[in-house]
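Q: the sequence isn't on hand, but the structure is:
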């Protein structure tokens with residue numbers, strides 16, 4: 001999926017007023033996701049995730065994820081959660097199913113709830 005198409009889909013799903021806010025939201029979500037995923041896995045995802053993958057992986061929950069996205073995107077935490085869900089939905093459609101399975105497995109249950117329904121409800125070890 002091309003960058004412009006991804007931003008357009010995020011904009012449509014979140015009903016953001018323009019491409020600029022959708023771009024900021026997408027960048028914020030992908031950068032924060034990269035901080036949570038193991039670097040080897042993050043390196044297989046979109047460019048912003050690969051760029052942030054050099055940072056050490058941190059373990060954090062949904063509250064921290066929402067706070068970091070909100071700070072980066074200049075929004076509140078409720079909107080950050082909506083934006084994360086939209087970006088995860090777009091990633092799910094764009095990436096190979098096996099890769100999204102690995103992403104889901106690397107996330108704690110509360111963040112995994114933001115993934116599309118077919119992935120969010122799957123039992124993970």
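A: Thanks, I have it. Because the structure is predicted, anything quoted here is derived from the model rather than measured.

Q: name the helices or strands packed onto the host helix or strand of residue 7?
A: Per DSSP states H and E: residue 7 is located in helix 3-14. Helix 3-14 sits against helix 19-36, helix 77-94, with contacts defined as 3 or more C-beta pairs under 8 Å, 6 or more residues apart in numbering; DSSP states H and E. (Glycine included, C-beta is placed from N, CA and C.)

Q: relative to residue 60, which of these is closest?
A: helix 19-36 (6.3 Å; C-beta to C-beta).

Q: follow-up on the earlier one: pick the most deeply packed of the helices and strands packed on helix 3-14.
A: Sort those by mean neighbour count, taking mean count of other C-beta atoms under 10 Å, and helix 19-36 sits at the top with a mean of 22.

Q: picking up where we left off before, out of the helices and strands packed on helix 3-14, which gets nearest to residue 65?
A: When these are compared (using C-beta to C-beta), the closest one is helix 19-36, at 5.8 Å.

Q: report the buried residues of the next helix or strand after the closest one.
A: Scanning forward in sequence from helix 19-36 by DSSP H and E, the next helix or strand is helix 39-42. For helix 39-42, the buried set under the neighbour-count rule, 16 or more other C-beta atoms under 10 Å, comprises 41, 42.

Q: any idea of the mean pLDDT for helix 39-42?
A: For helix 39-42, mean pLDDT rounds to 80.

Q: over to stretch 72-88?
A: pLDDT averaged over stretch 72-88 gives 97.

Q: coming back round to it: pull out the buried positions in the helix holding residue 7.
A: Going by neighbour count (16+ other C-beta under 10 Å), the buried part of helix 3-14 is 6, 7, 9, 10, 11, 13, 14.

Q: surely residue 61 and residue 112 touch.
A: No: assessed by C-beta atoms under 8 Å, residue 61 is found out of contact with residue 112, at 11.0 Å.
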